[in-house]
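Engineer: Have a look; sequence and predicted model below, questions after that.
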Number of protein chains: 2
Amino acid sequence: MSEPLHERIRAEVEARILSGDWPPGHRIPFEHEFTAQYACSRMTVSKALCELADAGLIERRRKAGSFVRRPQGQSAVIEIHDVASEVASLDRAYGYTLLSRARRRATAQDRERLALARGATVVALRCRHDADGLPFCLEDRLISLDAAPDAASESFAADPPGAWLLARIPWTSAEHRIRAERAGAAAATLGLGQPTPCLVIERRTFAGEAPVTQVILTYPGAAHELIARFSPGRD
Amino acid sequence: MSEPLHERIRAEVEARILSGDWPPGHRIPFEHEFTAQYACSRMTVSKALCELADAGLIERRRKAGSFVRRPQGQSAVIEIHDVASEVASLDRAYGYTLLSRARRRATAQDRERLALARGATVVALRCRHDADGLPFCLEDRLISLDAAPDAASESFAADPPGAWLLARIPWTSAEHRIRAERAGAAAATLGLGQPTPCLVIERRTFAGEAPVTQVILTYPGAAHELIARFSPGRD
DNA sequence: TAGTGGTCTAGACCACGCA
DNA sequence: GCGTGGTCTAGACCACTAG
């Protein structure tokens, strides 16, 4: 058995669908018909068809059967890695510089960035990530000391705060905003001329309802792409 | 049985992992231990643990057991909607204009964009999506006639090609690239001054190994953000 | 109501990888 | 070696739902 049988069934049904042999809306054979065709048990067929259903290629309805789905594709999936591993995956040397660190009672702007209550205290960091000695990304981060009290005694001089937080504070949800922007205050730090467009990623992370951190990552547009390969999901 | 048992097992193990109770590297109980704990068969436990492995939360090794995986960096999920529904969700009036349409043997550049074989034919489209009468997004699309022969006889004068393709051609995977760019050729069409940064989304879609379509969407940066809220779980 | 998929069982054999 | 997970079987009962 070089290849699992359920995998072979899945691949053959998938090929029928992708070739157009079984067009959208077509009812594919019942499970018991596959068990006869492949001389196997129902569990094996079921596993193959469930994989196709998870992949969004078919829809299964009790009593009616399984049908080829009309492709949905409204939404997609993108992976966003943390900066250090991003640089590492490009096979370039990673460098990190802390530009500034401040501990303060949250200003009005801080409270808006991080959805904080009045009177909360934060650590504000600015740092630069380098690849092969060249500026790769500018990071502007707020950390809530309510969520991460240890951040108050951490200098962040040697290691970037992203990995530090990730290793300590469990998070349950995050919100991303991605946009293009003209390099403003970041231009000088990144060694850019003014008109250079940048890719800006804003991320707010929460543990339950409590805000943990907010970060603005600015990448020189020419030097960076978000890349992802993905498959349609269930939905 | 309101909830399948394998689902309950999956949820309880996932909770242990996300709470930090079982930290990265921790070996979780063997399948036979779960069968004792839940008084169920091995298949049921296996299904639950396979789901967690698919989601990237655990790694399973023969003889050794199953282990909590270290977080893969900050991998995340972002939804990318198609342009028409994007405009609709902003509660603005959607408009569509076909700028050009050509059918041709694939040029070298076309072949690179769409990973096509020599001698393939394509339909090349340029169109503009408007919101409340203002340019919202510029679309530059290639369609492989091998994958979508009907595109040869479709004018695309009234309806955007994205939805047309989605309704007809099933796809199994796609590749996205997102970057910031200075408005170049797109500037005039979008009614922009030259230095305006744009958010550029490139998407290549495949059915199995066969390329279907490639599209470059250019959004004026100030007018557009990708926004997503997500939770950790499936990678 | 009858037939489908969803779930589950109590076994089994095998491949792999750590000893 | 030997124990793990990977796969598979030949049944079973149940929930859902189209007819």
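Structural biologist: Received, thanks. The structure presented is a predicted model; accordingly, all values stated were derived computationally and were not measured.

Engineer: When you work out contacts or count neighbours from here on, use the C-alpha atoms and nothing else.
Structural biologist: Fine.

Engineer: Can you tell me the element the residue of chain A most remote from its centre falls in?
Structural biologist: Distance from the C-alpha centroid of chain A peaks at A:A36, with 42.3 Å (CA atoms, centre = their mean). For A:A36, the host element (DSSP states H and E) is helix A:31-38.

Engineer: Is the helix or strand just after that helix in proximity to chain B?
Structural biologist: Once the chain leaves helix A:31-38, the next helix or strand it forms, by DSSP H and E, is helix A:42-54. No: between helix A:42-54 and chain B, judged by CA under 8 Å from any CA of the partner chain, nothing touches; the nearest distance is 10.0 Å.

Engineer: One more: stretch A:111-126?
Structural biologist: No: using CA under 8 Å from any CA, stretch A:111-126 never reaches chain B; the gap is at least 14.6 Å.

Engineer: Restrict that stretch to CA atoms and write it as PDB.
Structural biologist: Only the C-alpha atoms of stretch A:111-126 are listed here, as PDB (Å, rounded to 0.1, in the frame of the first residue of the first chain):
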ATOM      1  CA  ARG A 111      -6.100  54.300  24.400                       C
ATOM      2  CA  GLU A 112      -7.500  54.400  20.900                       C
ATOM      3  CA  ARG A 113      -4.800  52.300  19.500                       C
ATOM      4  CA  LEU A 114      -5.100  49.600  22.100                       C
ATOM      5  CA  ALA A 115      -8.800  49.900  23.200                       C
ATOM      6  CA  LEU A 116      -7.600  50.600  26.800                       C
ATOM      7  CA  ALA A 117      -9.500  51.900  29.800                       C
ATOM      8  CA  ARG A 118      -8.700  55.400  31.200                       C
ATOM      9  CA  GLY A 119      -5.700  55.300  33.600                       C
ATOM     10  CA  ALA A 120      -4.100  52.200  32.100                       C
ATOM     11  CA  THR A 121      -0.300  52.100  31.800                       C
ATOM     12  CA  VAL A 122       1.600  51.000  28.700                       C
ATOM     13  CA  VAL A 123       5.100  50.300  27.400                       C
ATOM     14  CA  ALA A 124       5.700  52.000  24.100                       C
ATOM     15  CA  LEU A 125       8.500  50.700  21.900                       C
ATOM     16  CA  ARG A 126       9.900  51.600  18.600                       C
END
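
Engineer: That stretch - what's its average pLDDT?
Structural biologist: Stretch A:111-126 carries an average pLDDT of 94.

Engineer: Stretch A:29-43 now?
Structural biologist: Here the average pLDDT along stretch A:29-43 is 96.

Engineer: Just the buried positions in that stretch, please.
Structural biologist: Across stretch A:29-43, burial judged by 16 or more other CA atoms under 10 Å in any protein chain shown covers A:31, A:34-35.

Engineer: repeat for stretch A:87-100
Structural biologist: Buried residues in stretch A:87-100, counted by 16+ other CA under 10 Å: A:87, A:94-98.

Engineer: Could you dump those into a markdown table and include secondary structure?
Structural biologist: Listed next are the buried residues of stretch A:87-100 as a markdown table, based on DSSP: H, G, I helix; E, B strand; the rest coil:
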| residue | secondary structure |
| --- | --- |
| A:V87 | helix |
| A:Y94 | strand |
| A:G95 | strand |
| A:Y96 | strand |
| A:T97 | strand |
| A:L98 | strand |
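
Engineer: quick one: which of the residues you listed is nearest chain B?
Structural biologist: Nearest to chain B among these: A:V87, at 12.0 Å, using CA to the nearest CA.

Engineer: Verify the stated contact: that closest one with A:A93.
Structural biologist: Yes: using CA atoms under 8 Å, A:V87 is in contact with A:A93, at 7.1 Å.
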